[in-house]
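J.: Sequence and predicted structure below; questions after.
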Amino acid sequence: MSQAQSENKDVTLRTLRSIAEKLKGPLVLLALFVAAIYAAIVGYMYFNQRSLLFKPDGLLPEPRAVGLADVEVITLPMSDKTVLTAWAAPPAIEGATTVLFFHGQTGNLGDRADRMREILNSGFGLLAPSYRGYPGSEGQPSELALISDGLQLFDGVASEGSAVLLHGQSLGTAIAAAVAEQRPQAQLLVLEAPFTATVDVASERYPWIPVSALMKDQFATRDLIANITVPTLIFHGTHDETVPMHHSQTLADLAGENAQFHVITDGAHNDLWSHGLWDDVQNALQKN
């Protein structure tokens with residue numbers, strides 16, 4: 001290498017070092033800024049996770065106001081003295097099944113009036129609790145509390161001599177499945193747009209956040225469905241943008257021959273009843 005080339009190389013190296021030194025400070029500041037923003041987002045989601053998962057809304061209407069004239073509003077004290085409100089009606093047909101209905105994560109019982117009307121018009125009984133912290137009920141929701149309440153509600157209905165059908169809608173599917181695992185005497189388990197686990201849905205939505213390490217209420221139906229002996233119907237729409245259909249496919253695979261998987265073509269997250277879900281449930285009951 002000639003002397004000139006060597007000198008040019010030295011100059012280039014000095015120039016690069018100078019540029020690097022000048023950029024070092026701003027890059028460190030940028031990295032710290034990005035880290036602070038990330039920590040703030042993760043911290044917000046951690047401390048507010050239950051308000052992001054459980055979304056009660058509105059005032060609980062009178063059943064009559066939403067077309068459920070035969071439904072009674074009842075209050076039920078739970079084992080820890082928390083008082084829940086529930087909508088209830090006995091079977092119109094002697095010996096008919098009672099549906100223990102667990103609703104989804106948003107709103108209140110009034111938003112599910114159409115489903116309940118179909119149940120009652122078919123002669124079935126109904127018990128639909130408003131979760132802890134939801135309109136009409138005391139307390140704060142959590143995975144352990146909602147499942148504990150579900151078990152107590154099941155035992156109350158079963159003690160009256162009625163066969164019990166467990167129906168879960170979205171978030172309610174995890175509660176219904178957990179009850180079915182511990183109460184194998186249930187007549188049927190119906191999962192409407194279920195997920196493998198809330199933590200799985202959150203991981204898909206926020207892949208850049210370690211949700212599995214941070215999430216308190218993981219509702220992992222995938223971990224218990226293979227233990228469920230209650231005959232199970234799983235319904236999911238091909239156009240569900242809230243919970244992708246692969247969640248139901250995974251649950252059906254894990255459940256094996258105990259479950260029937262109904263794929264609802266063009267169905268979304270909240271319209272499966274308009275695609276004949278309840279007709280399929282009644283047909284399944286007649287075969288059992």
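T.: On my side now, so go ahead.
J.: Report the helix or strand with the lowest average pLDDT across this structure.
T.: One helix or strand of the chain scores below all others by mean pLDDT, DSSP states H and E: helix 3-47, with a mean of 65.
J.: May I have the helix or strand that comes right after that one exported as PDB, CA atoms only?
T.: Using DSSP states H and E, the helix or strand that follows helix 3-47 in sequence is helix 49-53. Listed next in PDB are the C-alpha coordinates belonging to helix 49-53 (Å, rounded to 0.1, in the frame of the first residue of the first chain):
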ATOM      1  CA  GLN A  49     -55.600  -5.500  31.900                       C
ATOM      2  CA  ARG A  50     -58.900  -6.400  33.600                       C
ATOM      3  CA  SER A  51     -60.600  -3.300  32.200                       C
ATOM      4  CA  LEU A  52     -59.400  -4.300  28.800                       C
ATOM      5  CA  LEU A  53     -60.700  -7.900  29.200                       C
END
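J.: Touching, Glu192 and Gly168? I think so.
T.: Yes. Using CB atoms under 8 Å, Glu192 is in contact with Gly168, at 6.5 Å. Where you see a C-beta, it was placed from the backbone N, CA and C, and this is true even at glycine.
J.: residues contacting the nearest residue to Ala284 once chain neighbours are set aside?
T.: Nearest residue to Ala284 in three dimensions, chain neighbours excluded: Leu233, at 5.8 Å (CB to CB, 6 or more residues apart in numbering). For Leu233, the contact set (CB atoms under 8 Å, 6 or more residues apart in numbering) comprises Leu188, Leu189, Val190, Leu191, Ala259, Gln260, His262, Asp280, Val281, Ala284.
J.: what does Gly43 give?
T.: So Gly43 contacts nothing (CB under 8 Å, 6+ apart).
J.: So what's the gap between stretch 97-112 and the chain middle?
T.: 12 Å (CA atoms, centre = their mean, to the nearest Å).
J.: got the buried residues for it?
T.: 97-105, 107-112 (16 or more other CB atoms under 10 Å).
J.: so can I have JSON lines of the contacts of Leu233 showing neighbour count and distance to Ser148?
T.: Below are the contacts of Leu233 laid out as JSON lines (neighbours: other CB atoms under 10 Å; distance: CB to CB, whole Å):
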{"residue": "Leu188", "neighbour count": "20", "distance to Ser148": "22"}
{"residue": "Leu189", "neighbour count": "27", "distance to Ser148": "18"}
{"residue": "Val190", "neighbour count": "26", "distance to Ser148": "21"}
{"residue": "Leu191", "neighbour count": "31", "distance to Ser148": "20"}
{"residue": "Ala259", "neighbour count": "22", "distance to Ser148": "25"}
{"residue": "Gln260", "neighbour count": "14", "distance to Ser148": "29"}
{"residue": "His262", "neighbour count": "23", "distance to Ser148": "30"}
{"residue": "Asp280", "neighbour count": "17", "distance to Ser148": "30"}
{"residue": "Val281", "neighbour count": "24", "distance to Ser148": "26"}
{"residue": "Ala284", "neighbour count": "17", "distance to Ser148": "28"}
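J.: Keep only those of these that are in helices.
T.: Asp280, Val281, Ala284 (DSSP state H).
J.: And the second one, how close does it get to Trp273?
T.: Translated: Val281. 10 Å (CB to CB, to the nearest Å).
J.: residue boundaries of the helices in the stretch 51-200 of the chain?
T.: 113-121, 143-159, 171-182, 198-205 (DSSP state H, counting those that start in this stretch).
J.: if we can go back for a sec, give me the more crowded residue out of Glu192 and Gly168.
T.: Neighbour count, other CB atoms under 10 Å: between Glu192 and Gly168, Glu192 has more, with 30 against 27.
J.: Having no further points to raise, I will conclude here.
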